[in-house]
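A.B. asks: model this:
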Amino acid sequence: MTRKAAGEVRLIGGRWKRTRLPVADKPGLRPTPDRVRETLFNWLGQDLTGWRVLDAFAGSGALGFEAASRGATEVVLVERDAAVARTLETVGTRLAAAGVRVVRGDALAWMAGCGPEPFHLVLLDPPFDAGLHAAALAAAAPLVADGGFVYVESAAPLQALPAGLAPWRSLRAGAVHAQLLRRAGP
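C.D. replies: Got it, this is the predicted structure:
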């Protein structure tokens, strides 16, 4: 088994399987563990061909690049920290990830001003101590296509869900509560 060096995470599936992504040493930046990402993409299916994906608190970009690696047509990575956003752009260039777009900005503001085309998957992994989970869920709910998903990582199970989103799958891995929510179809 290959060991990960400190400060990096590896993609676990798709065309960029085993590619290493740098992880900045920043407060609140906590990449999704391999085991949790593997479970998430098992829940979603391994092939995301044609999907539009939003990784609203991108951080290392592991979730968004994992979706692109598995065929998502468009992936938007929103990251507030300028240095982290530049790293995401560098990774996208290195991978020739034409469908991946990095947006430097506040995730809540970006979601509020987002265009009308819905996403098949919205990934929400804000810093646990920032108190953003409820606001992020409320902002993400209207962006999800019928039958689409919202994935949330938090320090505790979600207490309330926005209208239209229902629990689909969940797991706990250490301090991470991972929850996949689904919007009902037409």
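A.B. asks: who's in contact with stretch 131-143?
C.D. replies: Stretch 131-143 is contacted by residues 54, 56-57, 107-108, 111-112, 114, 118-119, 122, 124, 126, 150, 152, 154, 158, 160-165, 183 when judged by Cβ atoms under 8 Å, 6 or more residues apart in numbering. To be clear about C-beta, it is placed using only N, CA and C from the backbone, and glycine gets the same treatment.
A.B. asks: contacting residues for Ala67?
C.D. replies: Shown in contact with Ala67 (Cβ under 8 Å, 6+ apart): 48, 51, 53, 55, 75, 121, 123.
A.B. asks: so it, which of the three states?
C.D. replies: What DSSP: H, G, I helix; E, B strand; the rest coil gives for Ala67 is helix.
A.B. asks: helices of this structure, residue ranges please.
C.D. replies: Residue ranges of the helices in the chain, as given by DSSP state H, are 34-44, 62-69, 82-95, 107-112, 133-140.
A.B. asks: send me the second one as CSV with only the CA atoms.
C.D. replies: Which is helix 62-69. Below are the C-alpha coordinates for helix 62-69, written out as CSV (Å, rounded to 0.1, in the frame of the first residue of the first chain):
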residue,chain,number,x,y,z
ALA,A,62,-10.5,16.2,-3.4
LEU,A,63,-14.3,15.9,-3.7
GLY,A,64,-14.6,18.0,-6.9
PHE,A,65,-11.6,16.5,-8.7
GLU,A,66,-12.9,13.0,-7.7
ALA,A,67,-16.2,13.8,-9.4
ALA,A,68,-14.4,15.1,-12.5
SER,A,69,-12.2,12.0,-12.5
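A.B. asks: residue numbering should commence at 50 henceforth.
C.D. replies: From this message on, residue numbering opens at 50, which makes the last subject helix 111-118.
A.B. asks: tell me the angle it makes with helix 83-93.
C.D. replies: Orientation check (axes from the mean of the first three to the mean of the last three Cα atoms, to 10 degrees): helix 111-118 against helix 83-93 gives 50 degrees.
A.B. asks: the inter-axis angle of helix 111-118 versus helix 131-144?
C.D. replies: Angle of helix 111-118 versus helix 131-144, following the same axes, to 10 degrees, is 20 degrees.
A.B. asks: chain center to helix 111-118, what's the gap?
C.D. replies: Distance of helix 111-118 from its chain centroid, counting by Cα atoms, centre = their mean, to the nearest Å, is 8 Å.
A.B. asks: show the average pLDDT along that helix.
C.D. replies: Averaging pLDDT along helix 111-118 gives 95.
A.B. asks: from one end of stretch 107-114 to the other, what's the distance?
C.D. replies: Stretch 107-114 has an end-to-end distance of 10 Å (Cα to Cα, to the nearest Å).
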